[in-house]
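Participant: Could you work out the structure for the sequence below:
(one chain, ligands or ions: 1)
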Amino acid sequence: MENKGSKAKLYRYIGDLRECLHIDSTVRGFSIPEICRERLGVMVTEIPFKTPGLRGMAYPETKETQDTIILNAHRSKHEQNFDCAHEYIHLLRHRTNRSQSFSCYEKVRPNQNPFFEWEANEGAAELIMPFQVIIPDFVEYYHRKEEELGKEKAEKASIAMLAGKYHVTPKMIEFRLNNLKYELAFYCAGCDIDKIEPLSKRQQIQHNINMDRFDFSILINNAFREPEEFDFDYYFEVY
Ligand SMILES: [Zn+2]
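Facilitator: Coordinates of the predicted model:
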């Protein structure tokens, strides 16, 4: 299962991968299927899957075939972008033998390794939407939209803008940002984004941190209602 510091370790691994692929922090909205095909030697194809909830499959290379990813043609291009990244992380980190393949569904199934699925999802999210890039983008757009449209509409409008920029769906952006509330809080409290150590949901629970109680406007405007319940010094000491 997930180890202590695994989110931070995984993010460092993905950072190295981005560097190898020459994707620096200024690059947003790239096509993972294109990168797989053109730069990683992975065959990517799409088929209209009939199995409900099936999003993607990955097959490690054999003597006769190269690494292959199959995506669901019924899904949108932005959805497929994420699905492809998810499958690529499996090929990169989870292959144990040539006969092993991966079939990934909307929800993790009992026969799947939940840690592998967590890594594939978290790794895909970090590859496409690195926290050190998307958090400052979100805060900037949020402030801009707050000024333009008011507090009520700022969240939705900035999420829609980010979805266009990063080539994923607004739902994926929302999910990603909800997962990054801990890191977002540190950034909004004035911490250098490069110095923030990511903490997984599981680790947050272990340290009694419940970020779900804070909505984005509170975090972005750094206005905690109960500041003693979110003691930055204490949480830095955790490491
Ligand atoms: Zn998977």
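Participant: Show residues contacting the lengthiest helix in the chain.
Facilitator: When the chain is parsed with DSSP state H, its longest helix is helix 131-149. With contact meaning CB atoms under 8 Å, 6 or more residues apart in numbering, helix 131-149 is reached by 11, 25, 28, 153-155, 157-158, 161-162, 165-166, 173, 176-177, 180, 183-184, 187-188, 193-194, 196, 198, 216-217, 220. Heads up, the C-betas are built off the backbone N, CA and C, glycines and all.
Participant: Which ones among those residues map onto helices?
Facilitator: Among the contacts of helix 131-149, the members falling in helices (DSSP H) are 11, 153-155, 157-158, 161-162, 165-166, 173, 176-177, 183-184, 187-188, 216-217, 220.
Participant: Does residue 8 touch residue 203 like I think?
Facilitator: No - with contact defined as CB atoms under 8 Å, residue 8 does not count as touching residue 203 (9.3 Å).
Participant: These two: which has the busier surroundings?
Facilitator: The neighbour comparison of residue 8 against residue 203 (other CB atoms under 10 Å) goes to residue 203, with 19 against 16.
Participant: about what we covered before: just the buried members of the ones in helices among the contacts of helix 131-149?
Facilitator: Burial by neighbour count, 16 or more other CB atoms under 10 Å: within the ones in helices among the contacts of helix 131-149 this picks out 11, 154-155, 157-158, 161-162, 165-166, 173, 176-177, 183-184, 187-188, 216, 220.
Participant: Flag every buried residue along stretch 194-210.
Facilitator: Quick answer for stretch 194-210 (16+ other CB under 10 Å): 196, 198-201, 203-204, 209.
Participant: Give me the packing partners of the helix or strand containing residue 202, helices and strands only.
Facilitator: Assigned by DSSP states H and E, residue 202 belongs to helix 201-206. Helix 201-206 is packed against no helix or strand, with contacts defined by 3 or more CB pairs under 8 Å, 6 or more residues apart in numbering; DSSP states H and E.
Participant: just how off-centre is that helix within its chain?
Facilitator: Centroid separation for helix 201-206 versus its chain: 17 Å, with CA atoms, centre = their mean, to the nearest Å.
Participant: Pull out the CA atoms of that helix and give them to me as PDB.
Facilitator: Listed next in PDB are the C-alpha coordinates belonging to helix 201-206 (Å, rounded to 0.1, in the frame of the first residue of the first chain):
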ATOM      1  CA  LYS A 201      -4.800  12.300   1.300                       C
ATOM      2  CA  ARG A 202      -3.900   9.300   3.300                       C
ATOM      3  CA  GLN A 203      -1.100  11.100   5.000                       C
ATOM      4  CA  GLN A 204      -3.300  14.100   5.600                       C
ATOM      5  CA  ILE A 205      -5.800  11.900   7.400                       C
ATOM      6  CA  GLN A 206      -3.000  10.400   9.500                       C
END
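Participant: Where does the one residue sitting closest to the centre of the chain sit, in terms of helix or strand?
Facilitator: Centroid-nearest residue in the chain, with CA atoms, centre = their mean: residue 125, separated by 1.7 Å. Following DSSP H and E, one finds residue 125 within helix 114-128.
Participant: in that helix, what's buried?
Facilitator: Using 16+ other CB under 10 Å as the test for burial, helix 114-128 gives 116-128.
Participant: Of these, which are in range of the ion?
Facilitator: Filtering these for neighbours of the ion using CB under 5 Å from the ion leaves 117, 120.
Participant: where's the closest residue to the ion within the chain, which helix or strand?
Facilitator: The nearest approach of the chain to the ion comes at residue 104, 3.2 Å away (CB to the ion). Using DSSP H and E, the element containing residue 104 is strand 102-105.
Participant: Residue 58 now?
Facilitator: strand 54-59.
Participant: That strand: what's the following helix or strand?
Facilitator: Downstream of strand 54-59 (by DSSP H and E), the next one is strand 68-72.
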